[in-house]
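Trainee: coords please:
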Amino acid sequence: MKVPAVDFGLSEGSGRTIEYHRSQIREHLGFRVCSVQDAEKLTAWLAVSVAHAERNPDRVRDELLKHCRQECIEPPAPDRITRMVRSALHTAEETWFATLAARLTDQARARVLALVADEAEDEGQDDGEGESVLALLKAMQGNVSLESMLREIRKLIAVRAIGPPPGLFADVAPKVLASWRQRAAVESPSHLRRRAPEAAVTLLSALLVERGREVTDALVDLLIATVHRIGARAEQKVTKELINAFIRVSGKENILFAIAEASLGAPDQEVREVAFPAVRGGEQTLKELVHEYKTKGPVYRRTVQTTLKASYTNHYRRGPI
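Mentor: Take a look at the predicted model:
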């Protein structure tokens with residue numbers, strides 16, 4: 001148009017003149033106004049090609065604007081773009097809900113929906129410890145202890161008992177699955193009950209699958225941490241016991257020389273008559289010397305291993321079993 005960009009920015013934003021200028025620009029660049037049919041096609045394209053794997057409205061909007069440029073369509077007004085993005089996200093999600101619910105058997109869907117069944121209609125949905133299965137699954141991991149390990153095991157058993165198939169979400173983008181899992185975790189059972197069955201089944205199945213993976217990882221971490229704790233406690237216990245009984249014997253070289261000299265001087269006599277008198281303190285000093293060696297030598301490690309094994313056998317063995 002041979003108009004400086006600064007001057008063009010001062011032109012009026014509405015009126016017959018600017019509309020005429022826009023039509024000239026569109027004609028020159030080969031663009032067209034976004035019609036109702038174009039908007040419907042763009043929304044359908046967004047739902048199939050973008051929104052099925054992307055739940056962020058801003059990124060979906062960016063893809064819409066990029067596609068409009070490729071199709072030589074003038075971008076709609078901001079409010080209209082927002083409505084198109086929301087419609088595409090909703091359509092894509094409803095399609096996913098219907099597809100994923102259809103992959104489950106009637107029995108599997110019933111088990112999943114039983115997680116949020118009305119308490120008046122369902123009296124048996126607890127984990128055997130007086131706690132609802134859904135509340136158990138939502139609970140976070142506790143501190144490193146046998147009780148925490150047993151609680152995580154109950155979670156994993158509950159997930160496997162309900163039994164969503166492992167490949168249920170194989171073609172779902174991880175970020176989409178994570179968003180469903182988060183929604184199921186924060187929504188109350190009454191809110192989930194008000195949803196359509198397909199939506200409730202999908203959200204709860206996402207929670208089950210994701211929590212199953214998280215609980216498995218947590219159990220591995222708990223097992224490793226528990227083994228380290230057992231070992232540390234065994235070492236502390238044995239060290240404390242040995243320190244209490246520890247007596248450092250000084251002059252070990254002199255004792256050894258005195259015993260050797262006395263033994264060589266009377267090799268045919270008894271040890272008690274020759275070796276014991278050669279050492280200051282006699283038999284008691286030799287006993288203390290032997291005890292010191294045991295507290296610093298391989299016997300210490302064997303004692304620690306024995307204590308560790310005893311702790312595992314008596315208290316912690318219920319976890320791995």
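Trainee: use CA for all of it now, contacts and neighbours both
Mentor: Will do.
Trainee: what's the neighbour count on the residue nearest to V50 when sequence neighbours are not counted?
Mentor: Excluding the flanking residues, the one nearest V50 by C-alpha to C-alpha, 6 or more residues apart in numbering is V60, at 6.5 Å. Residues contacting V60 under the criterion other C-alpha atoms under 10 Å number 24.
Trainee: next one: V36
Mentor: 9.
Trainee: I'd like to know how far it sits from L42.
Mentor: 10 Å (C-alpha to C-alpha, to the nearest Å).
Trainee: Likewise for V48?
Mentor: Counting by C-alpha to C-alpha, the gap from V48 to L42 is 10 Å.
Trainee: Have a look at the two and say which one is more surrounded.
Mentor: L42 (21 against 16).
Trainee: from what I can see the more buried one touches K66, true?
Mentor: No - if you go by C-alpha atoms under 8 Å, L42 and K66 don't touch, sitting 11.2 Å apart.
Trainee: quick one: low-confidence parts of the stretch 1-150 of the chain?
Mentor: Low-confidence segments of the stretch 1-150 of the chain (pLDDT under 70): 1, 3, 5-15, 17-21, 28, 118-131, 144.
Trainee: Helices of that one, residue ranges please.
Mentor: 5-8, 16-29, 36-49, 57-70, 78-103, 106-113, 133-138, 146-162 (DSSP state H, counting those that start in this stretch).
Trainee: now those as a markdown table including distance to A173?
Mentor: Listed next are these as a markdown table, based on distance: least, C-alpha to C-alpha, whole Å:
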| stretch | distance to A173 |
| --- | --- |
| helix 5-8 | 43 |
| helix 16-29 | 37 |
| helix 36-49 | 12 |
| helix 57-70 | 15 |
| helix 78-103 | 11 |
| helix 106-113 | 22 |
| helix 133-138 | 22 |
| helix 146-162 | 21 |
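Trainee: All the strands of the stretch 101-250 of the chain, in order from the start?
Mentor: Using DSSP state E, counting those that start in this stretch, no strands are found in the stretch 101-250 of the chain.
Trainee: residues shared between the contacts of V48 and L42?
Mentor: Counting by C-alpha atoms under 8 Å, 6 or more residues apart in numbering, V48 and L42 have no common neighbour.
Trainee: so what's L64 up against?
Mentor: Counting by C-alpha under 8 Å, 6+ apart, L64 touches L42, L46.
Trainee: swap in R103?
Mentor: L168.
Trainee: Domain map for this structure?
Mentor: What automatic domain parsing lists as the domains of the chain is 31-94, 106-222, 246-318.
Trainee: now these as a markdown table including distance to S23?
Mentor: A markdown table is the format used below for those (distance: least, C-alpha to C-alpha, whole Å):
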| stretch | distance to S23 |
| --- | --- |
| domain 31-94 | 8 |
| domain 106-222 | 40 |
| domain 246-318 | 78 |
